[in-house]
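Colleague: The following block contains a protein sequence and its predicted model.
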Amino acid sequence: MANRTGVVVDERYLRHGEGHFHPESPRRLEALYAMLQQPDMEGKYVAIAPRHATHDELGLVHAPSYIGLVAGTAGKRYYSLDADTQTSPESYDTAKLAVGGVLNAVDAAMTGRADNAFAFVRPPGHHAGRNRGAGFCLFNNVAVGARYALGKYGLKRILIADWDLHHGDGTQEIFYRDKKVLYFSTHQYPAYPGSGTFTETGQGDGAGYTVNVPLKARTDDALHVKAFRGILQPVALKFQPELVLLSAGFDSHFQDPLGDMRVTPKGYVFMTRILMDIAAACCGGRLVAVLEGGYNVEALTESVRLVLKEMRGDTRATEDDLYRMEYEAEQGKDQILRRVAEQIDPFWQVF
């Protein structure tokens, strides 16, 4: 039987930004929303209406002074948070709606209205820290979603996986001392924002709960899948998350203009399957994906289409598929995975 896969879709997400010339433009969602209306997609997904997050909800991860700063941009033609991150008159309203869309997706998964969900929201979030916006991000959508789920549903363990090409430095910062949230990231290194080395594993109560897999440029599907299978899966099965969240950026696609990785749509499907297997084993399949990067509109659209089909169960990557892909990784190119395993083994004893 097919999964009930929810989608957060709203035309108001197109209002943020100055136009179609910025990489993180409304064209990204326009293309995804059009794809969802195609014959093989239309009517197959559970619609999840967004809402605006409250100040208290934003305050679960962001400082009041920063929330006030972003709120102060409302109605202003232009404000620069950093060299890459600007606001337009409706950015604050749209950013609150992005967070609220994720919160409603979490509610849908936690209450059984949907088996899993994908929030197609913008602006993205994983570079936003407690006191700052950065890297096209205003509020950290997935981080607020995690803290919200911990509080509202009394959860004790949440996994955030992040396959965006860029390291989610904001998400890492927010949960670096928190053992309730396991943060796992594959990313191109060195690349913006310059963080995410394998030695960054958390501090204090959170020691061991940050797992970074910094990958060289031109890394392909096989090594990404091997990282998810060989590093994330055994750790996650020991951690036993009660909810799985995904920062789903598609800028590691081989055609993306802002990166230099070699992931194909099939690679994203295989990583999705691994996360679904983790969620099925640990938390009744509860998986919520949140859109992050991905700046080649055609590559983004095709990748998301196939990921959604895998989430719904229209396709299924088998254990044999994953095994073959994992062992396509060229010998000698997985040295970083061994270094990551050595770094986290004192905390997890799974290798």
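Modeller: That came through, no problem.
Colleague: can you map out the strands along the stretch 1-150 of the chain?
Modeller: 5-8, 46-48, 79-82, 85-87, 116-119 (DSSP state E, counting those that start in this stretch).
Colleague: what's the most buried one of these?
Modeller: strand 116-119 (a mean of 29; mean count of other Cβ atoms under 10 Å). Using the backbone N, CA and C atoms, a C-beta is placed for each residue, glycine as well.
Colleague: What pairs with that one, parallel or antiparallel?
Modeller: Strand 116-119 has its sheet partners listed here by DSSP bridges as strand 5-8 (parallel), strand 287-291 (parallel).
Colleague: if we look at the last one, which residues are touching it?
Modeller: Under the contact criterion Cβ atoms under 8 Å, 6 or more residues apart in numbering, strand 287-291 has outside partners 32, 102, 105-106, 109, 116-122, 124-125, 141-142, 145, 243-249, 275-276, 279, 304, 307, 311.
Colleague: ditto for the shortest one
Modeller: Residues lying outside strand 5-8 but in contact with it, judged by Cβ under 8 Å, 6+ apart, are 36, 44-50, 101-102, 104-105, 108-109, 113-121, 308, 311-312.
Colleague: Please settle this for me: is residue 174 part of a helix?
Modeller: Yes - applying DSSP: H, G, I helix; E, B strand; the rest coil, one finds residue 174 inside a helix.
Colleague: Now for it, how many residues are close by?
Modeller: Around residue 174 there are 26 other residues, counting by other Cβ atoms under 10 Å.
Colleague: separation between it and residue 159?
Modeller: 15 Å (Cβ to Cβ, to the nearest Å).
Colleague: can you check residue 67 too?
Modeller: 26 Å.
Colleague: all helices for the stretch 151-300 of the chain, in order.
Modeller: Along the stretch 151-300 of the chain, the segments classed as helices by DSSP state H, counting those that start in this stretch run 169-175, 221-227, 233-239, 265-283, 297-312.
Colleague: Does anything pack onto the fourth one? Which helices or strands?
Modeller: Counting by 3 or more Cβ pairs under 8 Å, 6 or more residues apart in numbering; DSSP states H and E, the packing neighbours recorded for helix 265-283 are helix 221-227, helix 233-239, strand 243-248, strand 287-291, helix 297-312, helix 319-326.
Colleague: let's see 6 Å
Modeller: helix 221-227, strand 243-248, helix 297-312 (3 or more Cβ pairs under 6 Å, 6 or more residues apart in numbering; DSSP states H and E).
Colleague: again, but for the last one
Modeller: Helix 297-312 is packed against helix 27-35, helix 265-283, with contacts defined by 3+ Cβ pairs under 6 Å, 6+ apart.
Colleague: Out of those helices, which is the most enclosed?
Modeller: Of all the helices and strands packed on helix 297-312, as judged by average neighbours under mean count of other Cβ under 10 Å, the leader is helix 265-283 with a mean of 22.
Colleague: Just the pLDDT at the residue nearest to the spatial centre of the chain, thanks.
Modeller: The centre of the chain sits closest to residue 247, judged by Cα atoms, centre = their mean, with a distance of 0.3 Å. Per-residue pLDDT puts residue 247 at 99.
Colleague: dump the residue contacts of the closest residue to residue 126 other than its chain neighbours.
Modeller: The shortest distance from residue 126 to any non-neighbouring residue, by Cβ to Cβ, 6 or more residues apart in numbering, is to residue 168 (3.5 Å). By Cβ atoms under 6 Å, 6 or more residues apart in numbering, the contact list for residue 168 reads 126, 162, 185, 247.
Colleague: Top of these by number of neighbours, please.
Modeller: Result: residue 126 is most packed of those (other Cβ under 10 Å), 32 neighbours.
Colleague: what sits against that residue?
Modeller: Counting by Cβ under 6 Å, 6+ apart, residue 126 has contacts 168, 170-171, 247, 292.
Colleague: Give the rounded mean pLDDT of stretch 202-218.
Modeller: Stretch 202-218 comes out at a mean pLDDT of 98.
Colleague: okay, how far is it across it, tip to tip?
Modeller: By Cα to Cα, to the nearest Å, the extent of stretch 202-218 from end to end equals 27 Å.
Colleague: if we can go back for a sec, I'd like the strands of the stretch 1-150 of the chain laid out as CSV, including mean pLDDT and distance to residue 343.
Modeller: What follows is the strands of the stretch 1-150 of the chain, written out as CSV (pLDDT from 0 to 100; distance: least, Cβ to Cβ, whole Å):
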stretch, mean pLDDT, distance to residue 343
strand 5-8, 98, 35
strand 46-48, 98, 38
strand 79-82, 94, 30
strand 85-87, 95, 31
strand 116-119, 99, 30
